[in-house]
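[1] predicted model follows, preceded by the sequence.
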Amino acid sequence: MDVAVKNYLLPESVDEAIGYLKEYGSDLMISGGGTHTMMLINNGYVLPDAVMGLRRAGMNQLSVNGGVTLGAMTTMSQVINSDAPDLLGVAAHNVGGWAIRNMGTVGGNIMMPAPAGDFAVALLALDTEVKLVSASGERSVSLAEFYETGRVQSGELLTEISASVPSGKTAYIKYARRDANAPTIITVAVHVTMDGDSVSEARIALNGAAQTPMRAIEAENVLNGRALEPDAIAQAAAIAAEECDPFSDAVATDWYRRKMVGVYVTRALENLT
């Protein structure tokens, strides 16, 4: 079988990349770091007419100044070696091994199919927006809305991610079959802001618990206005397990993932006490 790509494009700017998107339409496959797309192509799972690599398009900026701004082509290793919030550094360190972290990008992790998304789930636990650019202009949406509406629309390119610097306590736990470089069963990222001894705002994000990283909104609401005590934590964990919508794959069944949501939400919240 001939799996050769007919055209490999390396735009030198976002505008050039948008031009290629408009020209090729759905026949164009976009590659960030290539850790997922090249596997699909090399194994013959997809046979695109053209592939567009974004490594020269100028989207690898990272700045922390009141907030965190990440270009879509910022790598996991860049995040680890920066002064980004600890939550993001820990999440980046949990993406694959060093080879993957040197190549894998923030934008690619956001776009990856479940159960990938171990960096994206940390972003979801923060107040995060993504910038989407197309030939007709640009728009910014929350990361939660981005997932709810099916990621990008036709002709759009994810170019930038803006996240808040956490003002309260954060925790991150990834559960997999082994300690490092393993597919996710469940990942939990939490960000809790306190008003004295009571929770003023809680954000609980889950990966491996739905088709995309998700917020456990009902579980968050249970914590608001309450102390992080065993009863509140147990109730929030149970509700998170109920409201998630896990799937079965070669790594774990949906039943097991749901059970582990309850276990690891409990552990993540206990880490904040």
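    That came through, no problem.
[2] point out where the stretch 101-250 of the chain drops to low pLDDT.
    Within the stretch 101-250 of the chain, the set of residues satisfying pLDDT under 70 is empty.
[3] quick one: the strands in it?
    Shown for the stretch 101-250 of the chain, the strands assigned by DSSP state E, counting those that start in this stretch span residues 128-134, 137-142, 157-164, 169-176, 184-195, 198-207, 214-215.
[4] make CSV out of those strands and add mean neighbour count and distance to residue 223.
    For the C-beta atoms, the positions are set from N, CA and C on the backbone; glycine is no exception. As requested, those are arranged in CSV below (neighbours: other C-beta atoms under 10 Å; distance: least, C-beta to C-beta, whole Å):
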stretch, mean neighbour count, distance to residue 223
strand 128-134, 20, 20
strand 137-142, 12, 20
strand 157-164, 22, 19
strand 169-176, 20, 12
strand 184-195, 23, 7
strand 198-207, 23, 4
strand 214-215, 22, 13
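[5] quick one, what contacts the residue positioned nearest the centre of the chain?
    Residue closest to the average C-alpha location in the chain (C-alpha atoms, centre = their mean): residue 120, at 1.4 Å. When contacts are counted by C-beta atoms under 8 Å, 6 or more residues apart in numbering, residue 120 touches 109, 110, 112, 143, 207, 213.
[6] switch the strands of the stretch 101-250 of the chain over to TSV; also include distance to residue 49.
    As requested, the strands of the stretch 101-250 of the chain are arranged in TSV below (distance: least, C-beta to C-beta, whole Å):
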stretch	distance to residue 49
strand 128-134	20
strand 137-142	27
strand 157-164	18
strand 169-176	36
strand 184-195	32
strand 198-207	32
strand 214-215	34
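[7] residue 256: which of those is closest?
    Between residue 256 and the strands of the stretch 101-250 of the chain, the shortest gap by C-beta to C-beta is with strand 184-195, which sits at 7.3 Å.
[8] so what strands line up beside the closest one?
    Sheet pairing of strand 184-195 (DSSP bridges) gives strand 169-176 (antiparallel), strand 198-207 (antiparallel).
[9] quick one: the last one to strand 128-134, angle?
    Read that as strand 198-207. With axes from the mean of the first three to the mean of the last three C-alpha atoms, to 10 degrees applied, the angle from strand 198-207 to strand 128-134 works out at 50 degrees.
[10] dump strand 198-207 to PDB, keeping only the CA atoms.
    Coordinates of the C-alpha atoms in strand 198-207 are reproduced here as PDB (Å, rounded to 0.1, in the frame of the first residue of the first chain):
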ATOM      1  CA  SER A 198     -14.800  27.500  53.400                       C
ATOM      2  CA  VAL A 199     -14.500  26.900  49.700                       C
ATOM      3  CA  SER A 200     -15.400  30.000  47.700                       C
ATOM      4  CA  GLU A 201     -14.900  28.400  44.300                       C
ATOM      5  CA  ALA A 202     -14.000  24.800  43.200                       C
ATOM      6  CA  ARG A 203     -13.000  23.600  39.800                       C
ATOM      7  CA  ILE A 204     -12.700  19.800  39.300                       C
ATOM      8  CA  ALA A 205     -11.500  18.600  35.900                       C
ATOM      9  CA  LEU A 206     -11.300  15.000  34.800                       C
ATOM     10  CA  ASN A 207      -9.500  13.200  32.000                       C
END
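[11] now it, how far from the centre of its chain.
    Remark: strand 198-207 is offset 17 Å from the chain centroid, using C-alpha atoms, centre = their mean, to the nearest Å.
[12] with stretch 143-161 instead?
    Chain-centre distance of stretch 143-161: 12 Å, with C-alpha atoms, centre = their mean.
[13] still on that earlier bit, can you put the strands paired with strand 184-195 in JSON lines and add distance to residue 156?
    Converted to JSON lines, the strands paired with strand 184-195 look like this (distance: least, C-beta to C-beta, whole Å):
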{"stretch": "strand 169-176", "distance to residue 156": "29"}
{"stretch": "strand 198-207", "distance to residue 156": "23"}
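[14] mind checking which of those is nearest residue 33?
    Judged by C-beta to C-beta, the one of those that comes nearest to residue 33 is strand 198-207, at 18.6 Å.
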